[in-house]
Structure formats: structure tokens, C-alpha cells
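Student: next come a sequence and a model predicted from it.
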Amino acid sequence: MRILFIGDVVGRPGRRAVAAVLPGLRQTRELDLVIANGENSAHGAGLTAATVAELQAAGVDVVTAGDHVWDQKEFETQIATLDRVIRPLNYPDGAPGRGSVTVCARDETLVAVINALGRVYMHPHVDCPFRGLEAEVTRLRQLTPIIVVDFHAEATSEKIALARFLDGRVTAVLGTHTHVPTADERILPGGTAFISDVGMTGPYDSVLGREANAVIRRFTTQMPQKMEVATGDVRFCAVLIELDAASGRAQNIERIQLPVPDAS
């Protein structure tokens, strides 16, 4: 079984990159399920029902989020209508939406996807991701052994620690949020695929997807700046997980980074 996970989709260039690359990958790589982190898909910050629909039209099955999930105000009400979009499960009780979803892959195999938010250098008021995932993974393993976790976090140490904590109980723990692809993809001893950060699907001639000059002015003057999404050097970043569907154990994790010259 093959699951593709697409790293943080940033703005229109990121959405265009997904639309340009994903249909071909679904065919050539015989993908059974596609997950994408879309929390920056709307204007570089947040999601909307329209950007979710655009990703789904390109072939994305499940959309995950992160700390920018509520940046577009209308999404607070829209998320309840989107049954294949999830937000971090460790937001406090009362937050709209849900933190996990189960979906059928191409061959009708049930797959669970969980989204969680880190706490180190991140939101100080979210619940513990370790405790939250412990309970949710235990619940979902009654339904399926195939569980993919999008851990949206800043600190590499927190991401690695969580992957070790869940090793052997989930198929993959895939880091998002930093927009910088890492080269530490591996299969942990218990059969869980891991990478610290999948990377960004968007413009790399930038500072993490934003126009560089505005970000530099922010650092040098400490004054507010309008952070527009950049457009140059658009790339598609993802990881491909191959797994045994019966056990849920990962067999291989492959980084994918493709230039998309016409996506700006």
C-alpha cells in the first residue's frame, strides 16, 4: 500500500504545484491515499473551503492543518462542513472541527489520519500532544492498524520524541510546520516511518514562502510588514510511505521534491 503525504501547501503557488504534479503521481506511483497539510493554502495563512476544494479537485483525499488553522475567520464555521479536513486534536475542548478522521483508501482499506500540534516554541495553551495522541491512537487501533500522524511542531526534539513514543503503534509520524525539508527520513525499530519535516510545497525563492524583502525589513526594523506570498522557484515536497496493510507497519519512506516551473 502507498500513501503520499504533501508538505505545507503555501498559497496559490503551492496549490498550483499540487494541481500540476499530483494527478501524474497518483497514476505513476499507484497511490492509494493522498494527505496534504493545507494550513497555509489560503493567502499563505489559514484555509478556506475554496482552497480545500481546490486541493481535493487535484486529488488530495485528506487535508490537515496546524497553528494557522483559524487565520481565515470564516473557516471556523466552514470546517464543520468538511468531513475530510482535520485540525490539531489537542486544541482545547470547544474548538470547531475534529482532530482525526478515518477514510477508505483506493482498495477500500481503512486508514486513520491524526493531526496534532507541538508545544515547544508554539501555542502555550494547547493540550499535551503525547497524552492526546496516546488516547486517540488507542481508540483508532480498534478500527485499523494504519494510522498516519501529521505532527505540526517547531522543535525537532519534540517531533523525534513523539515518533519514538508512538513507534510500533502508528504507521507514520510526519513533521510539518518549519517549511524546511529534512534529510532524516527513516523507519523506526517498531515499524513507524518518520521524518522531522516534510518541507514546503510552494515558492522557495522566499523566506519560508513569504517575500524575502518584507521578512528582512521585519527583522531589521521590528516594524509590522505585509507578508505577501512569494512566487519564485516553486517546488512540490512530499514523502511516499510504502506499508504492509495487514500490520500497518511502514516498509519504506521516500522523500520527493520536484520543481514546478509554471506554478507561480
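Tutor: That came through fine. Numbers count the residues shown, from 1 in each chain.

Student: ok, residue 262 - how many residues close by?
Tutor: A total of 9 residues lie near residue 262 under the criterion other Cβ atoms under 10 Å. (C-beta placed from N, C-alpha, C; glycine too.)

Student: what secondary structure does it sit in?
Tutor: Recorded secondary structure, residue 262: coil (DSSP: H, G, I helix; E, B strand; the rest coil).

Student: now it. Nearest residue, chain neighbours left out?
Tutor: Of all residues not flanking residue 262 in the chain, residue 20 sits nearest, at 6.7 Å (Cβ to Cβ, 6 or more residues apart in numbering).

Student: and that neighbour, that one's in a strand?
Tutor: No. Counting by three-state DSSP, residue 20 is not found in a strand; it is helix.

Student: how close does it get to residue 111?
Tutor: Going from residue 20 to residue 111 by Cβ to Cβ, to the nearest Å gives 25 Å.

Student: what about the helices in this structure?
Tutor: Listed in chain order, the helices of the chain (DSSP state H) span 11-28, 49-58, 75-78, 129-140, 156-166, 212-221.

Student: surely residue 117 touches residue 129?
Tutor: Yes. The criterion here is Cβ atoms under 8 Å, and residue 117 meets it with residue 129 at 6.5 Å.

Student: overlap in contacts, these two.
Tutor: Counting by Cβ atoms under 8 Å, 6 or more residues apart in numbering, the residues touching both residue 117 and residue 129 are 90, 153.

Student: just give me the neighbour total for the closest residue to residue 76 other than its chain neighbours.
Tutor: For residue 76, ignoring the flanking residues on the chain, the nearest one in space by Cβ to Cβ, 6+ apart is residue 96 at 5.3 Å. For residue 96, the count of nearby residues is 14 (other Cβ under 10 Å).

Student: OK, contacts around residue 96?
Tutor: Taking Cβ under 8 Å, 6+ apart as the test, what residue 96 contacts is 76-77, 79-80, 87.

Student: among those residues, who's most crowded?
Tutor: residue 87 (26 neighbours).

Student: quick one: that residue from residue 192, how far?
Tutor: Where residue 192 is concerned, residue 87 sits at a distance of 23 Å (Cβ to Cβ).

Student: list the contacts for the residue nearest the centre of the chain?
Tutor: Nearest residue to the geometric centre of the chain (Cα atoms, centre = their mean): residue 37, 2.9 Å. Contacts of residue 37 were listed using Cβ under 8 Å, 6+ apart, and they are 5-9, 63-66, 150, 152, 176, 198.

Student: closest one to residue 240 out of those residues, please.
Tutor: residue 5 (8.0 Å; Cβ to Cβ).

Student: run a quick neighbour tally on that closest one.
Tutor: By the criterion of other Cβ under 10 Å, residue 5 has 27 neighbours.

Student: likewise residue 107?
Tutor: Neighbour tally, residue 107, other Cβ under 10 Å: 9.

Student: now it: closest residue in space, sequence neighbours ignored.
Tutor: Nearest to residue 107 is residue 32, by Cβ to Cβ, 6+ apart, at 6.1 Å.

Student: return the residues in contact with the one you found.
Tutor: Counting by Cβ under 8 Å, 6+ apart, residue 32 has contacts 1-3, 105-107, 109.
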